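Enquirer: Below is the sequence, then the predicted model.
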Amino acid sequence: MYPARILVIAALLPTAAALAQPVKAPPLPPGSNLVRIEPGLNPEEKKRHVRAHHHKGHVKKDMTRDDSDKGAKK
């Protein structure tokens, strides 16, 4: 092979190894240590979710049984 090419490759290998360092995560924003994260919905979101998905007809229904044939005329 070419001796000059070998010398160039040998000179660039340590430089490439120095540049291939692990990537660090970005720093957290100021004041992030003051915020307490709670799992689940906060009370306002929970009320909104109940209001959006509540159906008055589901009060005394048994969701484990199939009622698709109850209204059918035979």
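Expert: The structure has been received and is ready for your questions. Numbering: from 1, shown residues only.

Enquirer: ranges for the helices of this protein?
Expert: Counting by DSSP state H, the chain has helices at residues 3-19, 43-53.

Enquirer: Nearest to residue 69, out of those?
Expert: helix 43-53 (25.9 Å; C-beta to C-beta). Just so you know, the C-beta spots here come from the backbone N, C-alpha and C atoms, and that holds for glycine as well.

Enquirer: buried set for that closest one?
Expert: Residues of helix 43-53 include none that count as buried (16 or more other C-beta atoms under 10 Å).

Enquirer: Now find how far off-centre that helix is within its chain.
Expert: 22 Å (C-alpha atoms, centre = their mean, to the nearest Å).

Enquirer: what mean pLDDT does it have?
Expert: For helix 43-53, mean pLDDT rounds to 87.

Enquirer: In the protein, where is pLDDT below threshold?
Expert: Along the chain, the model assigns pLDDT under 70 to residues 1, 15-19, 71-74.

Enquirer: Could you check how far residue 68 is from residue 53?
Expert: 21 Å (C-beta to C-beta, to the nearest Å).

Enquirer: hang on, the earlier thing: closest one to residue 31 among the helices of the chain?
Expert: Comparing the helices of the chain by C-beta to C-beta, helix 43-53 comes nearest, at 21.8 Å.

Enquirer: can you count the residues close to residue 34?
Expert: 6 (other C-beta atoms under 10 Å).

Enquirer: Kindly provide the distance from residue 29 to residue 35.
Expert: Taking C-beta to C-beta, one finds residue 29 at 10 Å from residue 35.

Enquirer: now do residue 70
Expert: The gap separating residue 70 from residue 35 is 51 Å, by C-beta to C-beta.
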